[in-house]
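>>> Below are the sequence and a predicted model; questions follow.
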Amino acid sequence: MAQTHIARALHDEHMATLALLARLESLLGQHPPAEPPEAAAPAVAALLDDFAAAVGREVATHFAFEERALFPLLDEPEMTGQLIAEHAALLAAARRLALAAGEARAHGFEAASWRTFHATAGGLCSALTAHIEKEEMGLLAALDATLDAETDASLAIDYAAEH
């Protein structure tokens, strides 16, 4: 379990993201690619809204903070380089899916738009879950091993201010 304040904050956000991904995967499981859900149904609408909001508010901010404030503190160029590359790909996919979620909220799902959404969402869920697992095992452990109490406190305050 994460020991530093910043590692715990990142861990908590990871868990919230995994919960959102579980809701998305549940929707995908209930509605195969050939069976679009009713986008106006309350549970579907709430999920689409929550996902779109999370991409801008949490995922983008989370990735930017890690790259700007945390990665330079670590002597782990292979790990941070890989995470940065994953951030770029994941954020691009998440933003495309957030736009599709907004379109679905406005106009509903058509057969073609649901197939595309389904495939994109399935891929994103898998890739983002794998990324979170890497951060949980590698990044958070590296932060716990590297940060002193003063730096940790400062980072935790900065992170909280950005959310």
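Noted; the coordinates are in hand.

>>> which residues touch the nearest residue to residue 120 once chain neighbours are set aside?
Closest residue to residue 120 in three dimensions, ignoring its sequence neighbours and counting by CB to CB, 6 or more residues apart in numbering: residue 97, at 5.3 Å. Every C-beta, even on glycine, is put in place using the N, C-alpha and C of the backbone. For residue 97, the set of contacting residues under the criterion of CB atoms under 8 Å, 6 or more residues apart in numbering consists of 51, 55, 117, 120, 121, 124.

>>> Who are the packing partners of the host helix or strand of the third one?
For residue 117, the enclosing helix or strand under DSSP states H and E is helix 111-134. On a contact count with 3 or more CB pairs under 8 Å, 6 or more residues apart in numbering; DSSP states H and E, helix 111-134 meets helix 5-30, helix 77-107.

>>> who's in contact with the helix or strand that it is followed by?
As assigned by DSSP H and E, the chain's next helix or strand after helix 111-134 is helix 140-146. Contact with helix 140-146 is made by 2-4, 6-7, 10-11, 70, 73-76, 79, 152, as judged by CB under 8 Å, 6+ apart.

>>> distance between helix 140-146 and the chain's centre?
Relative to its parent chain, helix 140-146 has a centroid offset of 20 Å by CA atoms, centre = their mean, to the nearest Å.

>>> List the buried residues for it?
Of the residues in helix 140-146, those buried under the neighbour-count criterion (16 or more other CB atoms under 10 Å) are 140, 142, 143, 144.

>>> which element follows it toward the C-terminus?
helix 149-162.

>>> how about the CA coordinates for that following helix, as CSV?
Listed in CSV are the C-alpha atoms of helix 149-162, where the atom choice follows Å, rounded to 0.1, in the frame of the first residue of the first chain:
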residue,chain,number,x,y,z
ALA,A,149,8.4,14.1,3.9
GLU,A,150,8.7,17.7,2.9
THR,A,151,8.6,17.1,-0.8
ASP,A,152,5.8,14.6,-0.4
ALA,A,153,3.7,17.2,1.5
SER,A,154,4.4,19.9,-1.1
LEU,A,155,3.4,17.6,-3.9
ALA,A,156,0.2,16.4,-2.2
ILE,A,157,-0.8,20.0,-1.7
ASP,A,158,-0.1,20.9,-5.3
TYR,A,159,-2.0,17.9,-6.5
ALA,A,160,-5.0,18.7,-4.4
ALA,A,161,-5.0,22.3,-5.6
GLU,A,162,-5.2,21.0,-9.2
